[in-house]
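Asks: Okay, here's the prediction I keep looking at, along with the sequence it came from:
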Amino acid sequence: MSVREEFDRWAAEGRDRGMEERHWHTAKPILARMPVEAGETVLDLGSGSGYAARALRETKGAGRAYGLDGSAEMVRNARSYTDDPRVTFLQGEFGHLPFVDDSIDHCFSMEAFYYATDPGRTLEELHRVLRPGGTFFCAVNYYEENVHSHGWGANVDAGMTRWSRGTYRDAFRAAGFHVAEQDNVPDRETEIPPASEFPTDSWATREAMVERYRTYGTLLTVGVVP
Ligand code: SAH
């Protein structure tokens with residue numbers, strides 16, 4: 001099954017809202033950190049339910065927010081959750097962004113970048129469409145240091161690229177970005193039960209669950225176009 005078919009199925013089952021709820025825990029502080037000025041144009045790469053485009057319009061006064069997703073069903077759902085004429089959802093491919101050079105001020109992406117067929121090419125495309133000084137806030141929970149994510153490939157019938165922190169930085173630089181910062185954003189909202197309740201269905205020990213959510217959380221790499 002292709003990534004597109006897989007996520008069409010997820011969208012049809014309403015799982016886009018479940019992802020929004022889970023990802024919002026760390027998306028919220030990351031979106032708040034983006035240097036978006038009123039009136040600027042932003043892009044959410046792999047937009048799912050479209051929450052990031054809506055949030056950047058509502059909280060930062062972005063003048064235009066695009067969400068791009070390969071799944072027609074995700075795009076359809078995202079469109080149905082807003083009637084803001086300045087929020088636009090497009091079906092498209094990470095490897096061929098439908099924007100002219102230097103036309104986007106800032107880009108956000110949550111739990112989507114590692115599905116790119118060719119992640120290096122996606123970074124080159126982002127570098128092309130972002131204006132000088134534009135930023136790419138790339139957030140992932142699936143990465144090498146997060147050992148708790150290593151089994152996730154089995155849940156998703158699609159190719160996934162598992163890079164380390166260092167590989168993210170190297171790849172950003174190879175595509176022409178400066179790496180402005182990189183850090184782990186903890187998820188403080190997922191409830192962790194008391195020790196007496198472990199093992200749970202998902203976690204053998206409380207320590208492992210704490211490590212997954214509070215220590216590793218979401219890996220954020222921020223690239224800036226020189
Ligand atoms: N950012 C959202 C959705 C994450 S799921 C959230 O935080 O909830 C990843 C999304 O990326 C899916 O909707 C999927 O259709 C999209 N996607 C994956 N690979 C893609 C590709 N190569 N081109 C375009 N969209 C892609």
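Replies: Noted; the coordinates are in hand.
Asks: Which of the three states applies to residue 122?
Replies: helix (DSSP: H, G, I helix; E, B strand; the rest coil).
Asks: Could you tell me which residues make contact with it?
Replies: Contacts were defined as Cβ atoms under 8 Å, 6 or more residues apart in numbering; by that measure residue 122 touches 45, 94-95, 113, 116. Backbone N, C-alpha and C define where each C-beta goes, glycine included.
Asks: With residue 61 instead?
Replies: The neighbours of residue 61, taking Cβ under 8 Å, 6+ apart as the test, are 36, 38-39.
Asks: Which of the helices or strands spans residue 170?
Replies: Per DSSP states H and E: residue 170 is located in helix 165-174.
Asks: right, and residue 102 touches residue 126 too?
Replies: No. With contact defined as Cβ atoms under 8 Å, residue 102 does not count as touching residue 126 (11.8 Å).
Asks: In terms of neighbours, single out the busier of the two.
Replies: Set residue 102 next to residue 126 and count neighbours by other Cβ atoms under 10 Å: residue 126 wins out with 28 against 13.
Asks: roughly how far apart are the nearest residue to that one once chain neighbours are set aside and residue 117?
Replies: In space, and not counting its chain neighbours, residue 126 is closest to residue 136: 5.2 Å by Cβ to Cβ, 6 or more residues apart in numbering. Remark: distance between residue 136 and residue 117 (Cβ to Cβ, to the nearest Å) = 18 Å.
Asks: out of those two, which sits in the more crowded spot?
Replies: residue 136 (26 against 15).
Asks: Would you mind naming what in this structure lies close to the ligand?
Replies: Among all residues of the chain, those adjacent to the ligand (criterion: Cβ under 6 Å from any ligand atom) are 3, 7, 19-20, 23, 46-48, 69-71, 74, 93-94, 110-112, 115-117.
Asks: Residue ranges in the protein under the pLDDT threshold?
Replies: 1 (pLDDT under 70).
Asks: And for it, the residue most distant from the center?
Replies: Here the chain reaches farthest from its C-alpha mean at residue 196, the gap being 34.1 Å by Cα atoms, centre = their mean.
Asks: need the contact list for that one.
Replies: For residue 196, the contact set (Cβ under 8 Å, 6+ apart) is empty.
Asks: does it sit in a helix, a strand or a coil?
Replies: For residue 196, the secondary-structure state derived from three-state DSSP is helix.
Asks: State the distance from it to residue 206.
Replies: Spatial separation of residue 196 from residue 206 under the definition Cβ to Cβ is 9 Å.
Asks: Then residue 55?
Replies: Summarising the geometry, the distance separating residue 55 from residue 206, computed by Cβ to Cβ, is 32 Å.
Asks: and these two? which has more neighbours close in?
Replies: Neighbours were counted for residue 55 and for residue 206 using other Cβ under 10 Å; residue 55 has more, 21 against 17.
Asks: so what's that one closest to, chain neighbours aside?
Replies: Distances taken as Cβ to Cβ, 6+ apart put residue 31 closest to residue 55, at 5.4 Å, once the chain neighbours are dropped.
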